[in-house]
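Enquirer: 3D, please:
(one chain, ligands or ions: 2)
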Amino acid sequence: MDLIHAGPSTPSRKRSRWENGEEQETPRQLSPKRVPKPKRSKISDTDPSSSSSQPSQSPRPRPTPSINKLHSVCVPPRTCHPPILPARSVFTYERLNQIEEGSYGVVFRARDRQTGDIVALKRLKLDEEKQGFPITALREINALMACRHEHVVNIREVVVGETLTQVYIVMDFIEHDLKSLLTVMPTTFLQSEIKTLLLQLLSAVAHCHKNWILHRDLKTSNLLMNNRGQIKVADFGLARRYGDPIGVGGLTQLVVTLWYRAPEILLGATTYSTAVDMWSVGCIFAELILKQPLFQAKGEIEMISMIFKLLGPPSRDSWPDYYVLPLAKTISLPPSQPPQFRQKFPYISDAGVDLMMRFLTYDPECRITAEEALQHPYFSESPYPKHPDMFGSFPSVAAGEKRGKPFESPRAPVRPQDYKLVTEFDDI
Ligand SMILES: Nc1ncnc2c1ncn2[C@@H]1O[C@H](COP(=O)(O)OP(=O)(O)OP(=O)(O)O)[C@@H](O)[C@H]1O
Ligand SMILES: [Mg+2]
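Expert: Residues are numbered from 1 along each chain as shown. Ligands and ions are numbered 1, 2, ... in the order given. Here you go, the predicted model:
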(Lines give C-alpha, C1' and ligand atoms only; values in the text may rest on other atoms or scores of the structure.)
(Ligands and ions follow the chains in the order given, each with its own letter.)
Protein backbone atom coordinates (compact mmCIF):
# COMPACT_ATOMS: atom_id res chain seq x y z
CA MET A 1 0.00 0.00 0.00
CA ASP A 2 1.23 3.40 -0.96
CA LEU A 3 2.54 5.21 2.12
CA ILE A 4 1.96 8.75 0.93
CA HIS A 5 -1.77 8.45 0.58
CA ALA A 6 -3.60 10.51 3.12
CA GLY A 7 -6.70 8.99 4.61
CA PRO A 8 -7.60 5.39 5.25
CA SER A 9 -7.90 3.02 2.34
CA THR A 10 -10.73 0.61 1.73
CA PRO A 11 -9.94 -2.79 3.25
CA SER A 12 -8.86 -5.55 0.94
CA ARG A 13 -11.55 -7.92 -0.25
CA LYS A 14 -11.79 -11.53 -1.34
CA ARG A 15 -9.67 -12.40 -4.37
CA SER A 16 -11.36 -13.70 -7.50
CA ARG A 17 -10.41 -16.95 -9.24
CA TRP A 18 -8.66 -14.90 -11.95
CA GLU A 19 -6.62 -13.00 -9.35
CA ASN A 20 -5.50 -16.31 -7.87
CA GLY A 21 -4.18 -17.27 -11.32
CA GLU A 22 -6.77 -20.01 -11.75
CA GLU A 23 -7.77 -21.19 -15.19
CA GLN A 24 -11.06 -20.30 -16.79
CA GLU A 25 -13.93 -22.48 -15.76
CA THR A 26 -15.14 -25.08 -18.21
CA PRO A 27 -17.75 -23.81 -20.65
CA ARG A 28 -20.33 -26.03 -18.92
CA GLN A 29 -19.71 -24.29 -15.58
CA LEU A 30 -19.67 -20.88 -17.23
CA SER A 31 -22.90 -21.26 -19.16
CA PRO A 32 -25.60 -19.23 -17.54
CA LYS A 33 -28.40 -21.01 -15.72
CA ARG A 34 -31.42 -21.62 -17.91
CA VAL A 35 -33.77 -18.75 -17.59
CA PRO A 36 -37.37 -19.99 -17.66
CA LYS A 37 -39.34 -18.53 -20.52
CA PRO A 38 -41.64 -15.80 -19.29
CA LYS A 39 -45.27 -16.84 -19.30
CA ARG A 40 -47.28 -15.07 -21.89
CA SER A 41 -49.64 -12.65 -20.36
CA LYS A 42 -53.12 -12.24 -21.64
CA ILE A 43 -52.33 -8.75 -22.80
CA SER A 44 -49.45 -9.86 -25.01
CA ASP A 45 -51.67 -12.51 -26.55
CA THR A 46 -54.11 -9.92 -27.72
CA ASP A 47 -51.63 -7.14 -28.29
CA PRO A 48 -51.79 -6.26 -31.96
CA SER A 49 -48.12 -5.30 -31.95
CA SER A 50 -47.13 -8.81 -30.84
CA SER A 51 -45.59 -10.76 -33.71
CA SER A 52 -47.36 -13.95 -32.66
CA SER A 53 -50.80 -12.42 -32.69
CA GLN A 54 -53.09 -13.53 -35.46
CA PRO A 55 -54.13 -10.79 -37.81
CA SER A 56 -57.69 -12.02 -37.62
CA GLN A 57 -57.62 -11.47 -33.84
CA SER A 58 -56.67 -7.85 -34.16
CA PRO A 59 -59.90 -6.02 -33.73
CA ARG A 60 -58.76 -2.61 -34.93
CA PRO A 61 -55.91 -2.30 -37.41
CA ARG A 62 -53.52 0.35 -36.15
CA PRO A 63 -52.11 2.92 -38.52
CA THR A 64 -48.34 2.44 -38.94
CA PRO A 65 -46.73 5.34 -37.09
CA SER A 66 -44.16 7.33 -39.00
CA ILE A 67 -40.53 7.36 -37.76
CA ASN A 68 -40.97 10.94 -36.64
CA LYS A 69 -43.81 9.96 -34.38
CA LEU A 70 -41.85 7.04 -32.88
CA HIS A 71 -38.81 9.13 -31.97
CA SER A 72 -38.57 12.52 -30.42
CA VAL A 73 -36.53 14.89 -32.53
CA CYS A 74 -33.87 14.83 -29.80
CA VAL A 75 -33.43 11.07 -29.66
CA PRO A 76 -31.58 9.53 -32.60
CA PRO A 77 -32.93 6.23 -33.96
CA ARG A 78 -31.40 2.99 -32.71
CA THR A 79 -29.39 2.57 -35.91
CA CYS A 80 -27.39 5.63 -34.89
CA HIS A 81 -26.37 4.16 -31.53
CA PRO A 82 -22.95 2.53 -31.25
CA PRO A 83 -23.29 -1.26 -31.14
CA ILE A 84 -23.77 -2.37 -27.54
CA LEU A 85 -21.69 -5.45 -26.87
CA PRO A 86 -21.50 -7.45 -23.66
CA ALA A 87 -18.28 -6.98 -21.66
CA ARG A 88 -15.71 -9.72 -22.28
CA SER A 89 -14.53 -12.06 -19.55
CA VAL A 90 -11.45 -11.27 -17.48
CA PHE A 91 -10.21 -14.74 -18.48
CA THR A 92 -9.47 -13.21 -21.91
CA TYR A 93 -6.33 -12.07 -20.09
CA GLU A 94 -3.61 -14.09 -18.39
CA ARG A 95 -2.77 -12.66 -14.96
CA LEU A 96 0.97 -11.96 -14.63
CA ASN A 97 1.48 -10.07 -11.36
CA GLN A 98 -0.11 -7.62 -8.96
CA ILE A 99 1.31 -4.12 -9.42
CA GLU A 100 -0.26 -2.16 -6.61
CA GLU A 101 -3.25 -1.95 -4.32
CA GLY A 102 -4.55 1.60 -4.04
CA SER A 103 -7.51 3.10 -2.19
CA TYR A 104 -10.01 2.45 -4.98
CA GLY A 105 -8.75 -0.67 -6.71
CA VAL A 106 -6.11 -3.33 -7.17
CA VAL A 107 -3.98 -3.11 -10.30
CA PHE A 108 -2.59 -6.18 -12.09
CA ARG A 109 -0.28 -6.72 -15.04
CA ALA A 110 -1.72 -9.18 -17.53
CA ARG A 111 -1.33 -10.53 -21.06
CA ASP A 112 -4.06 -10.54 -23.70
CA ARG A 113 -4.34 -14.23 -24.63
CA GLN A 114 -5.32 -13.36 -28.24
CA THR A 115 -2.89 -10.58 -29.14
CA GLY A 116 -0.13 -11.10 -26.57
CA ASP A 117 -0.34 -7.40 -25.58
CA ILE A 118 0.75 -6.59 -22.05
CA VAL A 119 -1.93 -4.59 -20.25
CA ALA A 120 -2.85 -3.31 -16.80
CA LEU A 121 -6.15 -4.35 -15.21
CA LYS A 122 -7.58 -2.27 -12.41
CA ARG A 123 -10.18 -4.08 -10.36
CA LEU A 124 -12.76 -1.69 -9.04
CA LYS A 125 -13.66 -2.12 -5.40
CA LEU A 126 -17.37 -2.84 -5.45
CA ASP A 127 -17.76 -5.35 -2.60
CA GLU A 128 -18.99 -2.89 -0.02
CA GLU A 129 -21.52 -1.37 -2.40
CA LYS A 130 -25.09 -1.91 -1.29
CA GLN A 131 -26.68 0.40 -3.82
CA GLY A 132 -25.59 -0.95 -7.16
CA PHE A 133 -22.69 0.14 -9.32
CA PRO A 134 -20.90 3.03 -7.55
CA ILE A 135 -20.99 6.45 -9.16
CA THR A 136 -17.23 6.83 -8.61
CA ALA A 137 -16.54 3.75 -10.75
CA LEU A 138 -18.85 5.04 -13.46
CA ARG A 139 -17.16 8.43 -13.33
CA GLU A 140 -13.72 6.83 -13.63
CA ILE A 141 -14.68 4.85 -16.76
CA ASN A 142 -16.59 7.77 -18.22
CA ALA A 143 -13.80 10.29 -17.61
CA LEU A 144 -11.13 7.99 -19.08
CA MET A 145 -13.25 7.59 -22.20
CA ALA A 146 -14.06 11.30 -22.44
CA CYS A 147 -10.43 12.36 -22.06
CA ARG A 148 -8.63 10.19 -24.60
CA HIS A 149 -5.29 11.91 -25.26
CA GLU A 150 -1.66 11.09 -25.98
CA HIS A 151 -0.81 11.83 -22.34
CA VAL A 152 -3.81 10.21 -20.67
CA VAL A 153 -3.60 6.47 -20.04
CA ASN A 154 -5.49 4.60 -22.75
CA ILE A 155 -8.55 2.64 -21.61
CA ARG A 156 -9.02 -0.45 -23.81
CA GLU A 157 -12.18 -2.02 -22.44
CA VAL A 158 -14.00 -3.05 -19.27
CA VAL A 159 -14.08 -6.78 -18.52
CA VAL A 160 -15.98 -8.75 -15.92
CA GLY A 161 -15.25 -11.68 -13.65
CA GLU A 162 -17.61 -14.34 -12.41
CA THR A 163 -19.65 -12.21 -10.03
CA LEU A 164 -21.26 -8.80 -10.27
CA THR A 165 -18.58 -7.31 -8.01
CA GLN A 166 -15.70 -8.28 -10.30
CA VAL A 167 -15.30 -5.43 -12.77
CA TYR A 168 -11.92 -4.52 -14.26
CA ILE A 169 -10.75 -1.55 -16.34
CA VAL A 170 -8.23 -2.70 -18.96
CA MET A 171 -5.57 -0.10 -19.79
CA ASP A 172 -2.27 0.02 -21.65
CA PHE A 173 0.50 -1.12 -19.30
CA ILE A 174 2.91 1.69 -18.46
CA GLU A 175 6.26 0.77 -16.92
CA HIS A 176 6.51 3.28 -14.06
CA ASP A 177 4.63 5.71 -11.93
CA LEU A 178 6.45 8.96 -11.30
CA LYS A 179 6.42 8.65 -7.53
CA SER A 180 8.12 5.24 -7.52
CA LEU A 181 10.52 6.43 -10.19
CA LEU A 182 11.54 9.49 -8.17
CA THR A 183 12.30 7.29 -5.17
CA VAL A 184 14.58 4.88 -7.10
CA MET A 185 16.32 7.42 -9.34
CA PRO A 186 19.80 8.20 -8.05
CA THR A 187 19.55 11.88 -9.07
CA THR A 188 16.77 14.25 -9.86
CA PHE A 189 15.47 14.89 -13.39
CA LEU A 190 17.40 17.52 -15.37
CA GLN A 191 15.70 20.86 -15.95
CA SER A 192 15.26 20.00 -19.64
CA GLU A 193 13.52 16.75 -18.64
CA ILE A 194 11.31 18.48 -16.08
CA LYS A 195 10.17 20.90 -18.81
CA THR A 196 9.22 18.02 -21.12
CA LEU A 197 7.31 16.19 -18.37
CA LEU A 198 5.54 19.36 -17.26
CA LEU A 199 4.55 20.24 -20.84
CA GLN A 200 3.10 16.76 -21.31
CA LEU A 201 1.21 16.96 -18.02
CA LEU A 202 -0.14 20.41 -18.89
CA SER A 203 -1.30 19.27 -22.33
CA ALA A 204 -3.22 16.38 -20.73
CA VAL A 205 -4.75 18.61 -18.04
CA ALA A 206 -5.70 21.26 -20.62
CA HIS A 207 -7.39 18.51 -22.65
CA CYS A 208 -9.36 17.24 -19.62
CA HIS A 209 -10.46 20.77 -18.71
CA LYS A 210 -11.47 21.47 -22.32
CA ASN A 211 -13.68 18.38 -22.07
CA TRP A 212 -15.24 19.61 -18.80
CA ILE A 213 -13.49 17.03 -16.62
CA LEU A 214 -11.78 17.87 -13.31
CA HIS A 215 -9.26 15.18 -12.33
CA ARG A 216 -9.24 16.07 -8.61
CA ASP A 217 -6.39 13.71 -7.67
CA LEU A 218 -3.32 14.80 -9.58
CA LYS A 219 -0.17 13.57 -7.81
CA THR A 220 3.03 11.80 -8.80
CA SER A 221 1.70 8.29 -8.07
CA ASN A 222 -1.14 8.96 -10.54
CA LEU A 223 1.25 9.99 -13.30
CA LEU A 224 2.54 6.98 -15.19
CA MET A 225 5.71 7.17 -17.25
CA ASN A 226 6.93 4.81 -19.95
CA ASN A 227 10.50 4.13 -21.00
CA ARG A 228 10.13 6.51 -23.96
CA GLY A 229 9.95 9.63 -21.82
CA GLN A 230 6.17 9.95 -22.00
CA ILE A 231 3.82 10.74 -19.15
CA LYS A 232 0.28 9.37 -18.98
CA VAL A 233 -2.22 10.80 -16.50
CA ALA A 234 -4.05 7.96 -14.72
CA ASP A 235 -6.47 7.27 -11.87
CA PHE A 236 -9.64 9.18 -12.71
CA GLY A 237 -11.31 7.65 -9.63
CA LEU A 238 -12.11 11.10 -8.20
CA ALA A 239 -12.77 12.82 -11.51
CA ARG A 240 -16.08 14.47 -12.29
CA ARG A 241 -17.66 16.74 -14.86
CA TYR A 242 -17.78 20.38 -13.99
CA GLY A 243 -20.12 23.00 -15.37
CA ASP A 244 -23.16 20.83 -14.60
CA PRO A 245 -25.58 22.21 -12.01
CA ILE A 246 -24.20 21.46 -8.55
CA GLY A 247 -26.35 19.71 -5.92
CA VAL A 248 -27.57 21.37 -2.72
CA GLY A 249 -24.50 20.46 -0.65
CA GLY A 250 -22.05 21.73 -3.30
CA LEU A 251 -18.98 19.78 -4.40
CA THR A 252 -17.32 17.42 -1.95
CA GLN A 253 -14.20 18.53 -0.10
CA LEU A 254 -13.06 14.92 0.18
CA VAL A 255 -10.98 15.18 -2.95
CA VAL A 256 -7.32 15.48 -3.82
CA THR A 257 -4.70 13.72 -1.70
CA LEU A 258 -3.78 16.07 1.18
CA TRP A 259 -0.30 17.09 0.01
CA TYR A 260 -1.64 18.22 -3.38
CA ARG A 261 -4.88 19.80 -2.13
CA ALA A 262 -5.58 23.44 -3.01
CA PRO A 263 -6.08 25.94 -0.15
CA GLU A 264 -9.69 26.71 -1.16
CA ILE A 265 -10.65 23.04 -0.62
CA LEU A 266 -8.71 22.93 2.67
CA LEU A 267 -10.69 25.97 3.80
CA GLY A 268 -14.03 24.39 3.00
CA ALA A 269 -15.01 25.82 -0.40
CA THR A 270 -17.94 23.90 -1.87
CA THR A 271 -17.64 25.45 -5.29
CA TYR A 272 -14.32 25.03 -6.99
CA SER A 273 -13.13 24.43 -10.49
CA THR A 274 -10.16 23.71 -12.74
CA ALA A 275 -7.87 25.76 -10.50
CA VAL A 276 -7.76 22.88 -7.96
CA ASP A 277 -5.98 20.74 -10.56
CA MET A 278 -3.56 23.57 -11.32
CA TRP A 279 -2.53 23.80 -7.65
CA SER A 280 -1.77 20.07 -7.77
CA VAL A 281 0.28 20.61 -10.95
CA GLY A 282 2.32 23.20 -9.03
CA CYS A 283 2.97 20.67 -6.24
CA ILE A 284 4.06 18.09 -8.85
CA PHE A 285 6.37 20.64 -10.53
CA ALA A 286 7.98 21.33 -7.15
CA GLU A 287 8.30 17.59 -6.43
CA LEU A 288 10.10 17.02 -9.74
CA ILE A 289 12.61 19.71 -8.78
CA LEU A 290 13.03 18.71 -5.12
CA LYS A 291 12.76 14.92 -5.71
CA GLN A 292 10.40 14.80 -2.76
CA PRO A 293 6.87 16.08 -2.13
CA LEU A 294 6.65 19.83 -1.43
CA PHE A 295 4.16 19.74 1.47
CA GLN A 296 4.55 16.59 3.56
CA ALA A 297 1.94 17.48 6.15
CA LYS A 298 0.39 15.05 8.62
CA GLY A 299 -2.96 16.81 8.75
CA GLU A 300 -4.97 19.64 7.29
CA ILE A 301 -3.92 22.24 9.87
CA GLU A 302 -0.24 21.48 9.33
CA MET A 303 -0.85 21.58 5.58
CA ILE A 304 -2.37 25.07 5.82
CA SER A 305 0.47 26.36 7.97
CA MET A 306 3.06 24.92 5.54
CA ILE A 307 1.32 26.76 2.69
CA PHE A 308 1.24 29.99 4.72
CA LYS A 309 4.96 29.59 5.39
CA LEU A 310 5.92 29.17 1.71
CA LEU A 311 3.51 31.72 0.21
CA GLY A 312 3.19 34.14 3.14
CA PRO A 313 -0.29 34.36 4.73
CA PRO A 314 -3.14 35.45 2.42
CA SER A 315 -4.22 39.09 2.43
CA ARG A 316 -7.20 41.02 1.10
CA ASP A 317 -5.09 41.83 -1.97
CA SER A 318 -3.78 38.35 -2.68
CA TRP A 319 -7.09 36.56 -2.01
CA PRO A 320 -10.14 38.84 -1.68
CA ASP A 321 -12.51 35.89 -1.15
CA TYR A 322 -10.45 34.32 1.65
CA TYR A 323 -12.65 35.77 4.39
CA VAL A 324 -15.87 34.29 3.01
CA LEU A 325 -14.51 30.72 3.04
CA PRO A 326 -16.27 28.58 5.69
CA LEU A 327 -13.12 27.73 7.68
CA ALA A 328 -11.27 31.04 7.33
CA LYS A 329 -12.72 32.37 10.62
CA THR A 330 -11.38 29.38 12.53
CA ILE A 331 -7.79 30.11 11.51
CA SER A 332 -5.63 32.82 13.02
CA LEU A 333 -3.30 34.17 10.38
CA PRO A 334 0.44 34.38 11.21
CA PRO A 335 2.20 37.77 10.86
CA SER A 336 2.66 38.86 7.28
CA GLN A 337 5.87 37.67 5.58
CA PRO A 338 7.04 37.58 1.95
CA PRO A 339 6.88 34.36 -0.13
CA GLN A 340 9.82 32.00 0.27
CA PHE A 341 9.92 30.57 -3.28
CA ARG A 342 13.43 31.75 -4.16
CA GLN A 343 14.90 30.20 -1.01
CA LYS A 344 13.00 26.95 -1.57
CA PHE A 345 14.03 26.61 -5.23
CA PRO A 346 17.47 28.23 -5.44
CA TYR A 347 18.55 26.48 -8.64
CA ILE A 348 15.74 27.24 -11.06
CA SER A 349 15.61 30.32 -13.25
CA ASP A 350 13.48 33.38 -12.50
CA ALA A 351 11.01 32.20 -15.15
CA GLY A 352 10.78 28.82 -13.37
CA VAL A 353 10.08 30.54 -10.03
CA ASP A 354 7.49 32.76 -11.70
CA LEU A 355 5.67 29.74 -13.16
CA MET A 356 5.76 27.98 -9.78
CA MET A 357 4.25 31.06 -8.11
CA ARG A 358 1.50 31.21 -10.74
CA PHE A 359 0.55 27.59 -10.03
CA LEU A 360 0.71 28.13 -6.27
CA THR A 361 -1.42 31.27 -6.23
CA TYR A 362 -3.94 31.65 -3.42
CA ASP A 363 -6.81 33.13 -5.38
CA PRO A 364 -8.19 30.42 -7.67
CA GLU A 365 -9.51 33.15 -9.99
CA CYS A 366 -5.95 34.38 -10.56
CA ARG A 367 -4.23 30.96 -10.68
CA ILE A 368 -2.74 30.16 -14.08
CA THR A 369 -4.74 27.83 -16.37
CA ALA A 370 -3.21 24.84 -18.15
CA GLU A 371 -3.53 26.57 -21.54
CA GLU A 372 -1.78 29.69 -20.23
CA ALA A 373 0.97 27.68 -18.55
CA LEU A 374 1.79 25.92 -21.84
CA GLN A 375 2.76 29.35 -23.23
CA HIS A 376 4.92 30.38 -20.25
CA PRO A 377 8.42 31.75 -21.08
CA TYR A 378 9.98 29.07 -18.80
CA PHE A 379 9.54 26.56 -21.65
CA SER A 380 11.12 28.73 -24.31
CA GLU A 381 14.33 29.60 -22.45
CA SER A 382 17.49 27.47 -22.28
CA PRO A 383 17.80 24.64 -21.33
CA TYR A 384 15.04 23.68 -23.78
CA PRO A 385 12.68 20.77 -23.21
CA LYS A 386 14.40 17.46 -23.99
CA HIS A 387 12.99 15.24 -26.73
CA PRO A 388 11.21 12.30 -25.04
CA ASP A 389 13.27 9.81 -27.09
CA MET A 390 16.41 11.14 -25.35
CA PHE A 391 15.19 10.13 -21.87
CA GLY A 392 16.98 7.28 -20.15
CA SER A 393 15.06 4.10 -19.35
CA PHE A 394 14.75 2.43 -15.99
CA PRO A 395 13.94 -1.14 -14.92
CA SER A 396 10.19 -1.41 -14.33
CA VAL A 397 9.34 -2.50 -10.79
CA ALA A 398 5.72 -3.01 -11.93
CA ALA A 399 6.93 -5.53 -14.52
CA GLY A 400 9.08 -7.31 -11.93
CA GLU A 401 12.36 -6.09 -13.44
CA LYS A 402 15.24 -5.75 -10.98
CA ARG A 403 17.78 -3.00 -10.92
CA GLY A 404 21.33 -4.20 -11.63
CA LYS A 405 23.66 -3.84 -8.63
CA PRO A 406 25.61 -0.62 -9.11
CA PHE A 407 29.41 -0.77 -9.06
CA GLU A 408 30.98 -0.09 -5.71
CA SER A 409 32.84 3.12 -6.41
CA PRO A 410 33.57 6.22 -4.40
CA ARG A 411 30.86 8.84 -4.74
CA ALA A 412 31.67 12.04 -6.55
CA PRO A 413 31.51 15.05 -4.27
CA VAL A 414 28.17 16.80 -4.67
CA ARG A 415 28.29 20.53 -4.35
CA PRO A 416 25.53 23.01 -5.08
CA GLN A 417 27.71 24.64 -7.77
CA ASP A 418 28.01 21.31 -9.65
CA TYR A 419 24.29 20.88 -9.57
CA LYS A 420 23.75 24.36 -10.89
CA LEU A 421 26.12 23.75 -13.82
CA VAL A 422 24.33 20.58 -14.80
CA THR A 423 20.93 22.20 -14.82
CA GLU A 424 22.10 25.16 -16.86
CA PHE A 425 23.77 23.20 -19.64
CA ASP A 426 21.89 19.93 -19.55
CA ASP A 427 20.53 20.26 -23.09
CA ILE A 428 24.06 19.70 -24.51
N1 LIG B 1 -1.98 1.42 -16.66
C2 LIG B 1 -1.10 1.15 -15.70
N3 LIG B 1 0.10 0.58 -15.98
C4 LIG B 1 0.97 0.32 -15.00
N5 LIG B 1 0.77 0.57 -13.69
C6 LIG B 1 -0.40 1.13 -13.36
C7 LIG B 1 -1.39 1.44 -14.33
N8 LIG B 1 -2.45 1.99 -13.68
C9 LIG B 1 -2.13 2.03 -12.39
N10 LIG B 1 -0.89 1.52 -12.17
C11 LIG B 1 -0.19 1.40 -10.88
O12 LIG B 1 -1.13 1.16 -9.86
C13 LIG B 1 -1.11 2.22 -8.90
C14 LIG B 1 -2.51 2.44 -8.38
O15 LIG B 1 -3.38 2.73 -9.48
P16 LIG B 1 -4.54 3.82 -9.34
O17 LIG B 1 -3.91 5.08 -8.90
O18 LIG B 1 -5.30 3.85 -10.61
O19 LIG B 1 -5.40 3.14 -8.18
P20 LIG B 1 -6.12 3.79 -6.94
O21 LIG B 1 -6.61 2.71 -6.09
O22 LIG B 1 -7.13 4.74 -7.45
O23 LIG B 1 -4.94 4.55 -6.26
P24 LIG B 1 -4.87 5.60 -5.07
O25 LIG B 1 -4.04 4.92 -4.07
O26 LIG B 1 -4.20 6.77 -5.72
O27 LIG B 1 -6.22 5.93 -4.61
C28 LIG B 1 -0.50 3.42 -9.64
O29 LIG B 1 0.12 4.32 -8.74
C30 LIG B 1 0.51 2.72 -10.52
O31 LIG B 1 1.68 2.42 -9.81
MG1 LIG C 1 -3.84 6.41 -7.59
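
Enquirer: And residue 265, which helix or strand is it part of?
Expert: Using DSSP states H and E, residue 265 sits in helix 263-266.

Enquirer: after that helix comes which helix or strand?
Expert: helix 275-290.

Enquirer: elements contacting that next one?
Expert: If you count contacts as 3 or more CB pairs under 8 Å, 6 or more residues apart in numbering; DSSP states H and E, helix 275-290 packs onto helix 178-184, helix 191-210, helix 263-266, helix 350-359, helix 370-374. Bear in mind the C-beta positions are built from the backbone N, C-alpha and C, glycine included.

Enquirer: Could you list the residues in contact with the shortest one?
Expert: Around helix 263-266, the neighbours that count as contacts under CB atoms under 8 Å, 6 or more residues apart in numbering are 253, 255-256, 272, 275-276, 279, 300, 303-304, 307, 314, 325, 327, 362, 364.

Enquirer: farthest-separated two in those residues?
Expert: Greatest spatial distance among the contacts of helix 263-266 (CB to CB): 255 and 314, at 21.1 Å.

Enquirer: rewinding a little: any chance of the helices and strands packed on helix 275-290 in CSV with distance to ligand 2 as columns?
Expert: Shown next, in CSV, are the helices and strands packed on helix 275-290 (distance: least, CB to the ion, whole Å):
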stretch, distance to ligand 2
helix 178-184, 9
helix 191-210, 15
helix 263-266, 18
helix 350-359, 21
helix 370-374, 20
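
Enquirer: So for the closest residue to ligand 2 within the chain, what's the pLDDT?
Expert: Nearest residue of the chain to ligand 2: residue 235, at 3.7 Å (CB to the ion). pLDDT, residue 235: 94.

Enquirer: For this protein, which segments count as helices?
Expert: 27-30, 42-46, 67-70, 135-146, 178-184, 191-210, 263-266, 275-290, 300-311, 341-344, 350-359, 370-374, 416-425 (DSSP state H).

Enquirer: Show me which positions of the fifth one end up buried.
Expert: Of the residues in helix 178-184, those scored as buried under the neighbour-count criterion (16 or more other CB atoms under 10 Å) are 178-182.

Enquirer: Among those residues, which one sits closest to residue 109?
Expert: residue 180 (14.1 Å).

Enquirer: list the contacts for that closest one?
Expert: By CB under 8 Å, 6+ apart, the neighbours of residue 180 are 221, 397-398.

Enquirer: now do residue 304
Expert: 263, 266-267, 331.

Enquirer: again, only using 7 Å
Expert: Taking CB atoms under 7 Å, 6 or more residues apart in numbering as the contact definition, residue 304 lies against 263, 266, 331.

Enquirer: Just among the residues you listed, which is most surrounded?
Expert: For the contacts of residue 304, neighbours were counted by other CB atoms under 10 Å; the highest total belongs to residue 263, with 23 neighbours.

Enquirer: From residue 344, how far off is that residue?
Expert: 17 Å (CB to CB, to the nearest Å).

Enquirer: got the residues of the protein near ligand 1?
Expert: 2, 5, 99-100, 102-105, 107, 120, 122, 153, 171-174, 177, 221-222, 224, 234-235, 237, 398 (CB under 6 Å from any ligand atom).
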